[in-house]
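Asks: Got a predicted structure here, sequence first:
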Amino acid sequence: MPKYTFKHAVWHEEASKEESGFMDLLPESIRSHSWRDESKEMTVNILHADAAVRGNEAIWGSLIYRQNPTDKNDLRTLHFFLSTDILLTNKLDYDEDEDMDKVKILQQMEQAETPIELLMILLGAMTGSLLHKIDGFEERLRNLLWKIREQNNKQTLEEIESIRHEILLWKNIILGFIEMKLVMPETFGRKITDGPEYYRTAARIGRISMLIDAYEDEVNNMVDMENVVSNYRGNEIMKTLTVLTTLFTPVMAFGALWGMNFEHMPELEWTFGYLASLVIIIVSTGILYYYLKSKGWTGDILQSIKNDSKIKNSRRE
């Protein structure tokens, strides 16, 4: 099991995921806990703290620091034990992004004054990785904002729901980091918050939390906007169908009347019966139309049709 000894702190890291040295180095009182076995199929973070004996404070547990948004079983976990003397961790994945550069992490650890700062450096690298992934997410979110304006359809709504799910995953991950930030002074005392590594990582966690909250508000506004547009379109469709049905009522009524097959129908003998029926239908439809227009029940429909035709013509030009 690799051991990194710095000026003021020691870090033990498992050489591989199959190695069992992590559990062997734990104190006997903590080794009896089965949290490592419980974390093999993790769904939530695991965190324990022990501050019963002053000078022998410790925290241990498992933190989910990376999650594939399309596969719930594809995640990365940090198993750790931290005391005032030593930091133990499992084998981490350093190859996925540049923020988890182990060489740079070790260089930064040379300046650490306590094992607590060693862990904060690791957490800082993980949160830096999250920030870079959030930058890519922000670009997708911006493109979606314009897509809502230019191409609002069912596919756009599905993309909004996908991004909304991803934000919930971000929030779920960052909650673990927030809890880690809070448990440090709770366990080891307030003085650790004065350390530069704690301050730097805590500020980064706060920045990520702020960004995720802001993105969540944006997505919620998108959903509200989508609901407003959908409701408006639904109302316009129902209104249009209602108006058209009402306008064609005279046609259907007189058509049904003169389509009867009774033997004695005086209109059948009229010389100008066909012309009279057309005039009656047109006049009654016109009267009904102007009545609806005077009430303001057709203005929006006609205006929207006119605007749609202008937009189509401008796009052709």
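Replies: Cool, the structure landed. What you see is a predicted model, and the numbers here were worked out from it, not measured in a lab.
Asks: all helices of the stretch 151-300 of the chain, in order?
Replies: Under the criterion DSSP state H, counting those that start in this stretch, the stretch 151-300 of the chain contains helices at 154-188, 196-247, 249-258, 273-294, 299-316.
Asks: Neighbours of L123, how many?
Replies: When neighbours are counted by other C-beta atoms under 10 Å, L123 registers 25. For every residue, glycine as well, the C-beta is placed using N, CA and C.
Asks: Same check on L144?
Replies: Neighbour tally, L144, other C-beta under 10 Å: 17.
Asks: Identify the residues contacting it.
Replies: The neighbours of L144, taking C-beta atoms under 8 Å, 6 or more residues apart in numbering as the test, are T156, E159, I160, I163, M222.
Asks: Which member of those residues is positioned nearest L131?
Replies: Of all the contacts of L144, L131 sits closest to I163, with 17.5 Å by C-beta to C-beta.
Asks: now the closest residue to the closest one other than its chain neighbours: how far from L275?
Replies: The shortest distance from I163 to any non-neighbouring residue, by C-beta to C-beta, 6 or more residues apart in numbering, is to V219 (5.8 Å). From V219 over to L275 the distance is 62 Å, taken as C-beta to C-beta, to the nearest Å.
Asks: between the two, who's got more neighbours?
Replies: The neighbour comparison of V219 against L275 (other C-beta under 10 Å) goes to V219, with 21 against 10.
Asks: mind checking how far that one is from F188?
Replies: V219 is 37 Å from F188, by C-beta to C-beta.
Asks: same deal with N172?
Replies: Counting by C-beta to C-beta - N172 and F188 are separated by 26 Å.
Asks: Could you check which of the two has the larger neighbour count?
Replies: The neighbour comparison of N172 against F188 (other C-beta under 10 Å) goes to F188, with 22 against 13.
Asks: still on that earlier bit, from the contacts of L144, which single one is nearest E236?
Replies: T156 (18.5 Å).
Asks: quick one: that closest one and I148 touch, right?
Replies: Yes. The criterion here is C-beta atoms under 8 Å, and T156 meets it with I148 at 5.9 Å.
Asks: Find the residues that touch each one of these two.
Replies: With C-beta under 8 Å, 6+ apart, T156 and I148 have common neighbours E226.
Asks: re earlier: who are the neighbours in contact with the residue nearest to I163?
Replies: L141, I160, I163, R164, I167.
Asks: Test my guess that the last one contacts L211.
Replies: No. With contact defined as C-beta under 8 Å, I167 does not count as touching L211 (10.2 Å).
Asks: Compare the two (neighbour count), which wins?
Replies: Higher neighbour count among I167 and L211: I167, with 22 against 18, using other C-beta under 10 Å.
Asks: The more buried one: what's its closest spatial neighbour, skipping adjacent residues?
Replies: I167 sits nearest to E216 (C-beta to C-beta, 6+ apart), 5.2 Å away.
Asks: And what about L78, helix, strand or coil?
Replies: strand (DSSP: H, G, I helix; E, B strand; the rest coil).
Asks: mind putting the contacts of V219 in TSV, pLDDT and distance to T77 included?
Replies: Listed next are those as TSV, based on pLDDT from 0 to 100; distance: C-beta to C-beta, whole Å:
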residue	pLDDT	distance to T77
L141	81	27
I160	79	30
I163	83	25
R164	84	25
I167	87	21
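Asks: Mind giving me the ChimeraX select for the residues you listed, buried ones only?
Replies: Applied in ChimeraX, the following selects the buried portion of the contacts of V219 according to 16 or more other C-beta atoms under 10 Å:
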select :141,160,163,167
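Asks: CSV please, covering the contacts of V219 and showing distance to H79.
Replies: Compiled in CSV, the contacts of V219 are given as follows (distance: C-beta to C-beta, whole Å):
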residue, distance to H79
L141, 33
I160, 36
I163, 31
R164, 31
I167, 27
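Asks: and which of the contacts of V219 is nearest G234?
Replies: G234 lies nearest to I160 out of the contacts of V219, by C-beta to C-beta, at 17.9 Å.
Asks: Next, count neighbours for the residue lying closest to that closest one once chain neighbours are set aside.
Replies: Excluding its sequence neighbours, the residue lying closest to I160 (C-beta to C-beta, 6+ apart) is M222, at 5.2 Å. Applying other C-beta under 10 Å, we find 21 residues neighbouring M222.
Asks: pretty sure M222 contacts R142?
Replies: No. Applying C-beta under 8 Å, one finds M222 not in contact with R142, separated by 11.6 Å.
Asks: Just flag the most distant two among the contacts of L144.
Replies: T156 and I163 (10.7 Å).
Asks: The residue nearest to I167 contacts I174, doesn't it?
Replies: No. Counting by C-beta under 8 Å, E216 does not reach I174; the two are 11.4 Å apart.
Asks: Who has more neighbours out of those two?
Replies: Neighbour count, other C-beta under 10 Å: between E216 and I174, I174 has more, with 21 against 15.
Asks: tell me the contacts of that one?
Replies: So I174 contacts L130, I205, I208, S209, I212 (C-beta under 8 Å, 6+ apart).
Asks: No more questions from me, cheers.
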